[in-house]
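Colleague: structure, please.
(chains A and B)
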Amino acid sequence: MSGRYPAQSFEELIATTRFDVHERAHIVVDTDVCRDCSTRECIVACPANLFVPTADGGILFNYEQCFECGTCYLVCNREGAVSWSYPLGGYGVVFRQS
Amino acid sequence: MTEPAPTPDVWDAVIVGAGPAGSCAASVLARAGHRVLLLERGPFPGSKNMYGGVVYPRILDRLHPSWWESAPMQRWVTRRSTMMLTDTQAVSVDFRTTAWGAPPYNGATALRPEFDAWLAAKATDDGATLLCSTTATGLIRDERGHVVGVHTDRPDGDLAAKIVIACDGVNSFLAKQAGLYEPVDAHHYTLGVKQTIALPRRTIEERFGVRGRDGVDIEILGGTSGINGGAFLYTNLDSIALGVVLEMTKLGRQRRRPEDVIERLKQHPALSPLVEGGEVAEFSAHVIPEAGLAMMPKMTGDGLLVAGDAAALCLAAGIWLEGVNFAMASGIYAAEAAAEALAAGDMSSAGLAGYARRLDDSFVLRDHRRFRRAPKLVLSDRVQHLYPQLLAGTVEAMFRVDNPQPKPGLRRILAAERKRLGIRRRDLLRDTLTGWRTFG
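Modeller: Numbering: from 1, shown residues only, chains lettered A, B, ... in the order given. Now for the predicted structure:
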């Protein structure tokens, strides 16, 4: 297999998807709970790449380009780390060609 | 659409989710003369749905005869391939038939935002009321504990209903709130991630060997960077859908991100010529209920039915990957049972027992029972990581012309490959037997 770089950056990839972002976050991550987590599966598993480790050992999460798939709450093994719900009706991801 | 009827104080049925299950349920109940509200949290039906998928439409024939004249299908699937990949090899079983290129069609590709919207519009034509941009946030129960409506996220958004049909997708809040699910087990789910890649119609026809509106469905085992799962490639009219399905726990416990898995798949020598030059038109992801019978919830409660992905009805049986047809059928059966309950005035679990009976007697649970061992076998480590190599290695050795060596014969080749890969004879025999019992 060649060692080429991926054809486009993740930013370019996710820019193809429409998100009607509401001002209120529909998923909240308690970074203090995340500090105790050694597995951090959310970071690799979230298809929208929304979970980022911070320098102080926590997790930074941004809800704005969320696919609302549910991967994060499924892989998270820490009670109370991820508070998951849907965005307000009419908001969030809008698939058009999927 | 005709003048909307005045909003009743109590709907006969509130259906949560205007996906394939919800819209079919809404059509059936509306045609029976009931006052039906179909809720959708997205701005339009299908806006929150994606799949790696083919719609198998037989179940639609009765509900919407000659559906192919108005449904926004992309291509009629006349050719399907099952492909097994190693890093450098591919073995395919490729089949095509002209029969599937003519009505009533065996299967078709479609874009869910278009297909779901069409199906919901049919439901409103039938008399259902569609309310979008409205999320059902919880069940309302009366003093007996019977479901009598839903809370929504609209101001003063409580809705009263004699029956609630939860078609709210794989993560179903409502079914979980009703206690119908066992505690969620991440092993039962896979993550589907997809690129819709734009390619000119003519290019698709040339690359996939089809003409007109005919199209292709390629199901792939291997090529997912060592993560248990599978991949797919479907042809739309002027785009292709290329994606991966990744077992949730395996994905979390390794280091490669889903978009990288897709990128590596696109570079595979068997696929890169097919996708070359195309620009990504949309990137999407969705969770799939993969485990069938092992994960299904109870689907009937007092005043409540659960259908579609909310009832974990996707069939993931290796070469048979179906979800939309299961959702549509379960929506129809739920609505028929609901209509019976409404006529009898008994919306308790007992009054709604017709739903479970219909599911049991139909392909929905019959197919699931027949293939109940399939998800575990297909996702098993040997099938995922060793058997594609065994097969490809054996086929390569069969076709290698290694003169002046004479041909070794299949038995010697198979034994050599098996040894090379460290597969024990008894495991191969046992898996063959399991495979036969699972699919035979």
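Colleague: from chain A, how far out is B:D260?
Modeller: Using Cβ to the nearest Cβ, to the nearest Å, B:D260 is found at 7 Å from chain A. C-beta coordinates here come from the backbone N, C-alpha and C atoms, glycine included.
Colleague: ok, that residue touching B:S225?
Modeller: Yes - contact criterion Cβ atoms under 8 Å: B:D260 and B:S225 qualify, at 7.3 Å.
Colleague: neighbour count for the two, which is higher?
Modeller: Shown here are B:D260 and B:S225; by other Cβ atoms under 10 Å in any protein chain shown, B:S225 has more neighbours (21 against 14).
Colleague: then that one would be within a strand, right?
Modeller: No - B:S225 is assigned coil when assessed by DSSP: H, G, I helix; E, B strand; the rest coil, not a strand.
Colleague: now do the contacts for it.
Modeller: Neighbouring residues of B:S225 by Cβ atoms under 8 Å, 6 or more residues apart in numbering or on different chains: B:R256, B:D260, B:V261, B:R264, B:L265.
Colleague: ditto for B:P375
Modeller: Taking Cβ under 8 Å, 6+ apart, one finds B:E290, B:A291, B:G292, B:A294, B:A316, B:A317 in contact with B:P375.
Colleague: secondary structure element holding it?
Modeller: For B:P375, the host element (DSSP states H and E) is helix B:374-378.
Colleague: the helix or strand just after that helix packs against which elements?
Modeller: The helix or strand immediately downstream of helix B:374-378 is helix B:381, counting by DSSP H and E. Helices and strands touching helix B:381, as assessed by 3 or more Cβ pairs under 8 Å, 6 or more residues apart in numbering or on different chains; DSSP states H and E, are absent.
Colleague: so which residues make contact with helix B:381?
Modeller: B:N228.
Colleague: next, B:R418: secondary structure please.
Modeller: What three-state DSSP gives for B:R418 is helix.
Colleague: what packs against the helix or strand containing B:V244?
Modeller: Using DSSP H and E, B:V244 sits in strand B:239-247. Contacts defined by 3+ Cβ pairs under 8 Å, 6+ apart place strand B:239-247 against strand B:189-198, strand B:229-235, helix B:258-266, helix B:272-275.
Colleague: and with 6 Å instead?
Modeller: Judged by 3 or more Cβ pairs under 6 Å, 6 or more residues apart in numbering or on different chains; DSSP states H and E, the packing partners of strand B:239-247 are strand B:189-198, strand B:229-235.
Colleague: just the CA atoms of whatever helix or strand comes next after it, as CSV, please.
Modeller: Sequence-wise, the next helix or strand downstream of strand B:239-247 (DSSP H and E) is helix B:248-252. Below are the C-alpha coordinates for helix B:248-252, written out as CSV (Å, rounded to 0.1, in the frame of the first residue of the first chain):
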residue,chain,number,x,y,z
MET,B,248,-17.8,-0.4,18.0
THR,B,249,-15.6,-1.9,20.6
LYS,B,250,-12.8,-2.8,18.2
LEU,B,251,-12.8,0.7,16.7
GLY,B,252,-12.4,2.2,20.1
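Colleague: list the buried residues for helix B:248-252?
Modeller: By neighbour count with 16 or more other Cβ atoms under 10 Å in any protein chain shown, helix B:248-252 contains the buried residues B:M248, B:T249, B:K250, B:L251, B:G252.
Colleague: which residues does the residue lying closest to A:F61 once chain neighbours are set aside bridge with?
Modeller: In space, and not counting its chain neighbours, A:F61 is closest to A:V29: 3.9 Å by Cβ to Cβ, 6 or more residues apart in numbering or on different chains. With DSSP bridges as the criterion, A:V29 is bridged to A:V82.
Colleague: what segments of chain A are strands?
Modeller: Listed in chain order, the strands of chain A (DSSP state E) span A:18-20, A:27-29, A:51-53, A:59-61, A:82-84, A:92-94.
Colleague: would you mind giving these as JSON lines with distance to B:A166, mean pLDDT and mean neighbour count added?
Modeller: Shown next, in JSON lines, are the strands of chain A (distance: least, Cβ to Cβ, whole Å; pLDDT from 0 to 100; neighbours: other Cβ atoms under 10 Å in any protein chain shown):
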{"stretch": "strand A:18-20", "distance to B:A166": "25", "mean pLDDT": "98", "mean neighbour count": "16"}
{"stretch": "strand A:27-29", "distance to B:A166": "21", "mean pLDDT": "96", "mean neighbour count": "19"}
{"stretch": "strand A:51-53", "distance to B:A166": "29", "mean pLDDT": "96", "mean neighbour count": "16"}
{"stretch": "strand A:59-61", "distance to B:A166": "28", "mean pLDDT": "95", "mean neighbour count": "19"}
{"stretch": "strand A:82-84", "distance to B:A166": "18", "mean pLDDT": "96", "mean neighbour count": "17"}
{"stretch": "strand A:92-94", "distance to B:A166": "20", "mean pLDDT": "98", "mean neighbour count": "22"}
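Colleague: turn these into a markdown table, including distance to B:K48.
Modeller: Below are those laid out as a markdown table (distance: least, Cβ to Cβ, whole Å):
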| stretch | distance to B:K48 |
| --- | --- |
| strand A:18-20 | 12 |
| strand A:27-29 | 15 |
| strand A:51-53 | 21 |
| strand A:59-61 | 20 |
| strand A:82-84 | 15 |
| strand A:92-94 | 7 |
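Colleague: closest to A:G70 out of the ones you listed?
Modeller: Ranking those by proximity to A:G70 (Cβ to Cβ) places strand A:82-84 first, at 7.0 Å.
Colleague: what's the offset of the closest one from the middle of its chain?
Modeller: Relative to its chain's centre, strand A:82-84 lies at 11 Å (Cα atoms, centre = their mean, to the nearest Å).
Colleague: mind giving me the packing neighbours of that strand?
Modeller: Here strand A:82-84 touches strand A:27-29, helix A:71-75, going by 3+ Cβ pairs under 6 Å, 6+ apart.
Colleague: give me the contacts around that strand.
Modeller: With Cβ atoms under 6 Å, 6 or more residues apart in numbering or on different chains as the test, strand A:82-84 has contacts from A:I27, A:V28, A:V29, A:C72, A:Y73, A:C76.
Colleague: just how off-centre is stretch B:261-268 within its chain?
Modeller: Remark: stretch B:261-268 is offset 22 Å from the chain centroid, using Cα atoms, centre = their mean.
Colleague: likewise for stretch B:33-48?
Modeller: Put simply, stretch B:33-48 sits 20 Å off its chain's centre (Cα atoms, centre = their mean).
Colleague: are it and chain A in contact anywhere?
Modeller: Yes - using Cβ under 6 Å from any Cβ of the partner chain, we find that stretch B:33-48 touches chain A at B:R41, B:P43, B:S47.
Colleague: how about the residue most central in space within chain A, what does it touch?
Modeller: The centroid of chain A falls nearest to A:L50 when counting by Cα atoms, centre = their mean (3.0 Å). Neighbouring residues of A:L50 by Cβ under 6 Å, 6+ apart: A:F61, A:N62.
Colleague: and for the residue lying closest to B:L251 once chain neighbours are set aside, the neighbour number?
Modeller: Nearest non-adjacent residue to B:L251, counting by Cβ to Cβ, 6+ apart: A:A45, 5.0 Å away. A:A45 has 27 neighbours, counted by other Cβ under 10 Å.
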